[in-house]
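**Q** heads up, no residue letters with this:
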């Protein structure tokens with residue numbers, strides 16, 4: 001197990017413990033039925049939670065590339081308006 005897997009396991013344990021803590025602190029009664037049901041649902045969410053940071057990074061990268069592309073097209077358009085030449 002490399003360090004990234006260890007960090008992700010700690011992340012999932014912290015999310016699970018935080019979920020149970022918030023539920024109990026808000027006045028909920030945590031019995032075995034609710035605990036095992038929520039554990040199974042959190043286990044289903046394990047993969048989406050691990051992919052979320054990567055997806056955010058990809059989205060930011062795509063947005064930056066799109067902004068750069070728009071800037072280049074805009075500069076070419078403005079240059080063509082004033083000089084008649086395209087880049």
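**A** Sure, I can see it. Quick caveat, the model's predicted, so the values are computed rather than measured. Residues are numbered from 1 along each chain as shown.
**Q** how about the nearest residue to residue 35, chain neighbours excluded?
**A** On the basis of C-beta to C-beta, 6 or more residues apart in numbering, the spatially nearest residue to residue 35 that is not a chain neighbour turns out to be residue 20, at 7.3 Å. (C-beta placed from N, C-alpha, C; glycine too.)
**Q** Give the burial count for the one you found, as a bare number.
**A** The number of residues packed near residue 20 is 17, by other C-beta atoms under 10 Å.
**Q** what does the one 10 residues further on give?
**A** Using other C-beta under 10 Å, the number of residues around residue 30 comes to 12.
**Q** check contacts around it.
**A** If a contact means C-beta atoms under 8 Å, 6 or more residues apart in numbering, then residue 30 has 20, 23-24 as its contacts.
**Q** where do the helices sit along the protein?
**A** Assigned helices in the chain, in chain order: 3-25, 32-44, 46-83 (criterion: DSSP state H).
**Q** Now these in CSV, please, with extra columns for mean pLDDT.
**A** Formatted as CSV, the helices of the chain follow (pLDDT from 0 to 100):
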stretch, mean pLDDT
helix 3-25, 85
helix 32-44, 92
helix 46-83, 86
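**Q** how close does the residue nearest in space to the middle of the chain sit to residue 62?
**A** Most central residue of the chain, judged by C-alpha distance to the mean C-alpha position with C-alpha atoms, centre = their mean, is residue 52 at 2.9 Å. The span separating residue 52 from residue 62 equals 16 Å under the rule C-beta to C-beta, to the nearest Å.
**Q** Good, wrapping up.
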